[in-house]
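J.: Next input, structure requested:
(4 chains, ligands or ions: 4)
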Amino acid sequence: MPESLTRAVRWDTVVGALLIVLLLFSFSFVDGFGNALNLSFLIGNTLPIALIALPMTMLVVSGEIDMSVASTAGLSGAVMGALWNQGMTIEAIIPICLLLGVVCGLINGLLVTRLGLPSLAVTIGTLAAYRGIAQIVLGSDAVTGFPEPYLDFSAGRIGDSFLPQAFLPFLVLLAIAVVALHATPFGRSLFAIGASEEAARFAGIRVKRQKLILFTVTGLMASLTGVFWALHYSSARYDNATGLELSVVAAVLLGGIDFDGGKGTLGGAIAGVFLLGALQNVMSLLNVSAQSQIVVTGALLVVSVLGPRVARQIVVARAGHRAAAAPQLPGVPPPA
Amino acid sequence: MTVTAPTPTPAAEESGTRLMDRVFKMRELAILGVFLVMIAITQAGNSEFLSEQGIKDLLLNATILVLVATGQSLVVLTRNVDLSVGSTLGITAFAAGIYLQDGGNPVVAIALAVLLGIGFGLLNGLLVSLGQVPALVVTLGTLYIIRGIDSIWVGSRQITAADLPGGFVDFGSGGVSAVPWLALIALAVVGATAYYLKHFGSGREIYALGSNPEAARLAGIPVRKRTLAAYTFCGALTGLAGAMYLARFGNVDSGTGSGYELTVVSAVVVGGVVFTGGSGSVYGAALGALLLTSINSVLPALGVSSVWVLAINGILLVLAISVDRIVALRVASALKKKSAAARQPAAAHTVSVKGDTGHA
Amino acid sequence: MTHPSDAGPAPVLALKDVAKSFGAVRALRGVSLELFPGEVHALAGENGAGKSTLIKTLAGVHRPDAGQVLLDGEPVAFHGPADARDSGIAVIYQEPTLFPDLSIAENIFMGRRPRRALRRIDHKATHAATVALMRRLGVDLDPDRPARGLSIADQQIVEIAKALSFDARVLIMDEPTAALTGSEVARLFGVVRTLREQGAAVLFISHRLEEIFEICQRVTTLRDGAWISSELLDGMTEDDLVRRMVGRDLDELYPKQDVKPGEVALSVRRLTREGVFTDVSFEVRRGEIVGLAGLVGAGRTEVARAVFGIDRWDAGEVEIDGRAMTNGAPSTAMSAGLALVPEDRRAQGLVMDMSIERNIGLTGLRTTVRAGLMDRNAERSRSLDWAVKLQVKYARIADTVNTLSGGNQQKVVLAKWLATGPKVLIVDEPTRGIDVGTKAEVHRLLSELAAGGVAVLMISSDLPEILGMADRVLVMHEGRLTAEILRSDATEESVMAAATGRAA
Amino acid sequence: VTACGGTSKEDVKSSGGSNVTAGKADPNAATKKGLTVGFLPKQVNNPYFTTADKSGEAAVKELGSTYKEVGPSSATDTSGQVNYVNTLTQQQVDAIAVSAQDPGALCPALKQAMSNNIKIVTYDSDTNPECRNAFISQASGEDLGRTEVQLLAEQIGYKGEIAILSAAQTATNQNAWIEFMKAELKDPKYKDMKLVKVAYGNDDAQQSFQQTQGLLQEYPNLKGIISPTTVGIKAAAQYLSGSKYKGKVKLTGLGTPNDMRKYVKNGTVDAFELWDPAKLGDLAARTAIALVSGQITGKEGETFKAGDTTYTIGKDGVISLGKPTVFDAKNIDQFNF
Ligand SMILES: Nc1ncnc2c1ncn2[C@@H]1O[C@H](COP(=O)(O)OP(=O)(O)OP(=O)(O)O)[C@@H](O)[C@H]1O
Ligand SMILES: Nc1ncnc2c1ncn2[C@@H]1O[C@H](COP(=O)(O)OP(=O)(O)OP(=O)(O)O)[C@@H](O)[C@H]1O
Ligand SMILES: [Mg+2]
Ligand SMILES: [Mg+2]
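T.: Numbers count the residues shown, from 1 in each chain, chains lettered A, B, ... in the order given. Ligands and ions are numbered 1, 2, ... in the order given. Predicted coordinates for the structure are as follows:
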């Protein structure tokens, strides 16, 4: 019993439970939370974070991080705006933007894998570089007026339900990511790389290649997010999604992904994303001021890591006492 | 079974060591080199750049970042991180400001900021070391908490230069000819910290526990105490930096210092302090800070349109760490070849000695 | 079973009825032990018997759940390793615990450096003391070099130097010789004898029984965490000792079957990695076990790494089954049927935070797959099969490997690679830290594999093992192959002569 | 029109329609009471918006309704602002007064609110016209841009190099003002003045500081700086007052009297200007309630009375506050905001 308890007290389970509690609470007690419009807004505004959280979780599991995601998103939004201004068709623009994201991710990946640079440093650098290039590309323009079908898709709902239209494609991506991380050899090797890169290499895992793939996918997803962002808010500006990386990192951390690598589940990460999103929504509806919301978010982060730790320590201590109290076997008599 | 292994010749071994030493000093030298080249180019493009005022500005700009980066590098050395520095900077600056606004004594105000910084450092340190939870999460949490408390406390108030004693504000921009007081303070702090880290047992233990926490525990190093001390020190320096910020900019509101943590982390990383702990120096971190802030001064001075500044900034940052890395790799492989030559029997040995004098 | 009183004075350090559990694993139960001054006391037992746990209890790393630690007859409660150290207890742990970023000198004197005025460190004195220590151990390591990148053997030597650096009343050594070759061991024993004569109490663990008989006076055996016996070694035979440890008689330690070598499976031609090894050429045939001997640092491990593709080579070629290997590509080598059991199990062999199951599964990521997805049942049964075959001692297959004893960890590494069904198997120090029983088991396994047509290259610093198991012995000296000796001609003398470069 | 059959900007333009407020104004309708008006500034805790919103609150209360303020804590958190529009919609307030971080991004949410019968007033920063009922403009961009150039020209004697220190490159209002400054400079009387550079300090004290340094190093002959942003002018003033350029390089722009008092008194700054943010908030509140009461609908030409003044709605639903106030050593002590 204590053992199953220890295993149950995992971050991701705790976060998932918290999310459910919060939702139950909000549906019953918070005015305006449960209606379809609010829920669709809640989900729609959380989607960009959730989208980037997918590859970010994998990256963190493999022991790396990409701080440049928000800038990549901003850059692809800016390019989208600039090309749109040029009169290109949106159907041609979107693939170009995604390709750009791939290039951004590839650059990060090559710097990390070929030169062996720490990814935190590299991506803090490219965070500035990509955002700067976005500024050069689009300048002070705020491009609007994208075609209605696209705007509807990224901001509209499915009929009168609470689900944004973009939610279904997200679910597909989520499913792909979950399978990739938790059920494929690729995912398995990421956990090994994150926990011990050297041991993974000695097991014949192509560490560099896997990492390069991951960074590239992260770039792709970031640019997809950038396109989605520009359409969702129907505004392409160079500073779109500024600071999104911290929200993603906070959510992923909250979801129990260990930044030392090798641990965590995508379910936890996504639960973390929606927990933060829902919490903010609920607090706003309850008229909690923005300042207090920040304190609550911070406290939640701290508690989410301290809580399970304390619980586990109590459980382990109890188990220890029990084992010690067990009757001692007499020493085995030595052979004659 | 009792056979003695042949001992390699001491001379060859020593040459390897000296080269090795150089590699390690290299890290700081590379940054210094990049910095000097950058300054030289800028001066060539704009002769006003290194005027007395220009040098003063350069140093003043770096001061606050140098202080916080020094504190941060101590924390990073212990294989932790403190993301809450930006928030702490903001709240300590405001605390000092509000005290001065009511007619307080500047020295007490600085002490107050430092004490408040120590308080938050202790909070972080206690959470990390006693809770044994990942520093990244905890300090991201305290980043939000302290910022929230700051904004609730500060509200829409702000401290402006007019509210502060003239002497305090003058102190923020004054100095001995081109060297500002603030820069002297920062220099003293960096020097003292570096000396402490090298020459005191507890300083070495900070490196040790970041290098291998498990071994540190077995070696009887008081891991929690040292971690706590590193955080407290970081908090103290951030508080000091908060007071300096107030003196320098004369202007504090609820947003002061937000987003600063990324700049600090960049400075530390560019300065060659390794994020997995145990390796790097505060000189490096300080140089990293100087390099980063100087990029921001260099580009406007060269008349680069501010549209380009951000991009160039980022690219330079990536370049700086790449160059540093490539140089390190090159030297390491040269070193390997060299020691290989040294490991060969007698004939090769003389060659390596000759090679060595060539280098000297 | 009582301790003879003629051993001299009262015990310096003792354990009385000590118990210690980790969750459900009862690592120690009711164990007692007495260390006397001027005596080297051996601690023997199979892998997982609880030896390291006992040592950590003595050293203040673990707090006993029950029972007492007695220092000079008085019960003490160490609150941490520092307490034990301050009471004059020096410990060498089984796994090296160095600070990779600090210099060797600093590693040795961490916590008790010579000081100058104002409690500043005296760097010069530290350096000088380290040089002196190194000389005493007869090794040549630069005191200012960082510990990062030291071979396991060198790390072990630094650990020894660390323990010797203060005049401990009690010296505790957990498998200090596991990574060392004859010469270093001889030096170490010289030093231990001196300490013993000066009145220190020494506790010594080794799975090499001949070492126990060479240096120790008394032995305590543990089995499954329980105390079995404490007695003088005088008059005991190796078989007696083994029986106490294992509880039964042992199989033959070197069960080498004679096999007729088949065609060439691994062929290495003129392989060179600058500064590390030069012009290495050899072949290993199906059914053959080829030993690779040499002194520590001769470059054996480096050759294996390059062949497997971990490091790139600068010149030469490697062929497996006639297929040329790509430079620096372990995955190609793996798919060609090569397996490498690496030297450093903690860093290279295992992902310490992963379960036993997943660790063994890591080499099967390409085979335990159905429709592109992991086949969890196949993975589990593959892992279970091999864990059982190698008699890994664990509570649950889903436990992380860092809860296993050192020897059992080594078995997991072997399992992981044997599970790939290799054609060519390179084992680097395969029995380091493995108890005699298991060692025999591993040897039998290698022998069977060879009999089944696998080509085996065995790197080992355990000379008897090489002599007992190899069909042919290759010897390296300073990065070059200096000799190839057939089984019939191989003796300790001939191999050592080649290894030290005396018979080039 | 396009070759590959996709959708491009031109296609969209032709199909785009604008949302014109329906209904008819009844200037004599009674002012409704018991309404809820939500204020959504760009950033809470920003002294400027606090001043504006405080007087908005006073006006709302005076008219017998309930006031509430929500808002993001960062001025670049556009998605946060969108969330707050949504929150206010959920809470079914009667009107929202919002200062938009982005002209386009808030539109879907604002339209959603309007379709829930909530009246939208923008103040300080506008959105696209079809996403709100009315916009309270602090001063016409033209007035601000031109007067700032005039102020500086007088201070430097219509001669020498000048530069502009703006906020973010994307700040819509800043850019509009800068355009008018450039237009004003075309006047022959400024023929000896030359605008050498527009720098951007991103409304960040440190960056504005360094941009000022850069301007002075790059253009040693610089005579004056216009900073049409309160953060920028404050930082530039602080830098100048602690440097050798104090009093030699003139500085003007938009600042608050409390921020700038010290620099006016110590001679760093001669004069600067600003509208009264309190009036801005007041008018936003009154406009919102007039909209809900049906006294106006936001059409061009409608008039309504707010306090003692009667305002006329201009083109695109823009209501202008009036000319800015110039502050100098003589009058600065009469103001406190
Ligand atoms: N930290 C731990 N957590 C859980 N179990 C542990 C831990 N440390 C040791 N054990 C278990 O305690 C038992 C004794 O291990 P110990 O390391 O003392 O064995 P040992 O005698 O030193 O073996 P070896 O010869 O292989 O080194 C083993 O079953 C091991 O799995
Ligand atoms: N130039 C050098 N300077 C310092 N150490 C070196 C140098 N070259 C090699 N070494 C050490 O010696 C080792 C090289 O030999 P390697 O480990 O391959 O030898 P080995 O014969 O397998 O010995 P071992 O018994 O340690 O496995 C390296 O791992 C390294 O730690
Ligand atoms: Mg052991
Ligand atoms: Mg080896």
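J.: residue closest to the middle of the chain?
T.: No chain was given, so I picked chain A. When CA atoms, centre = their mean is applied to chain A, the residue found nearest the centroid is residue A:53 (1.7 Å).
J.: sorry, should have said chain B
T.: For chain B, residue B:285 is the residue whose C-alpha lies nearest the centre (CA atoms, centre = their mean; 2.8 Å).
J.: ok, so what distance separates that one from residue B:65?
T.: Distance, residue B:285 to residue B:65, by CB to CB, to the nearest Å: 10 Å. C-betas here are computed from N, CA, C, even on glycine.
J.: Which neighbours do those two have in common?
T.: residue B:267 (CB atoms under 8 Å, 6 or more residues apart in numbering or on different chains).
J.: What pLDDT is listed against the residue nearest to the centre of chain B?
T.: Looking at residue B:285, its pLDDT is 93.
J.: what do you get for residue B:348?
T.: 31.
J.: Name the nearest residue to residue C:180, ignoring sequence neighbours.
T.: residue C:153 (5.8 Å; CB to CB, 6 or more residues apart in numbering or on different chains).
J.: quick one, what contacts that neighbour?
T.: Going by CB under 8 Å, 6+ apart, residue C:153 touches C:179-181, C:184, C:296-297, C:461.
J.: re earlier: does the residue nearest to the centre of chain A sit in a helix or strand, and which one?
T.: Per DSSP states H and E: residue A:53 is located in helix A:36-61.
J.: That helix and chain C in contact?
T.: No: between helix A:36-61 and chain C, judged by CB under 8 Å from any CB of the partner chain, nothing touches; the nearest distance is 12.1 Å.
J.: Report the mean confidence score over the helix or strand hosting residue B:331.
T.: Under the criterion of DSSP H and E, residue B:331 resides in helix B:306-343. Averaged across helix B:306-343, the pLDDT comes to 75.
J.: what about the helices in the stretch 1-150 of chain B?
T.: Remark: helices assigned in the stretch 1-150 of chain B by DSSP state H, counting those that start in this stretch are B:10-45, B:52-77, B:85-101, B:106-131, B:135-154.
J.: err, the stretch 101-250 of chain D, not the other one
T.: According to DSSP H, counting those that start in this stretch, the helices that the stretch 101-250 of chain D contains are D:107-115, D:141-156, D:172-185, D:205-218, D:230-241.
J.: picking up where we left off before, so which other helices or strands are in contact with the helix holding residue B:331?
T.: helix A:90-115, helix A:119-138, helix B:10-45, helix B:260-270, helix B:282-301, helix B:346-359, strand D:193-200 (3 or more CB pairs under 8 Å, 6 or more residues apart in numbering or on different chains; DSSP states H and E).
J.: Ligand 1 is nearest to which of these?
T.: Among the helices and strands packed on helix B:306-343, helix A:119-138 comes nearest to ligand 1, with 30.8 Å by CB to the nearest ligand atom.
J.: Say whether chain D is contacted by that closest one.
T.: Yes: Helix A:119-138 is in contact with chain D by CB under 8 Å from any CB, via residue A:135.
J.: Which strands and helices lie in contact with that helix?
T.: With contacts taken as 3+ CB pairs under 8 Å, 6+ apart, helix A:119-138 sits against helix A:69-86, helix A:90-115, helix B:260-270, helix B:306-343.
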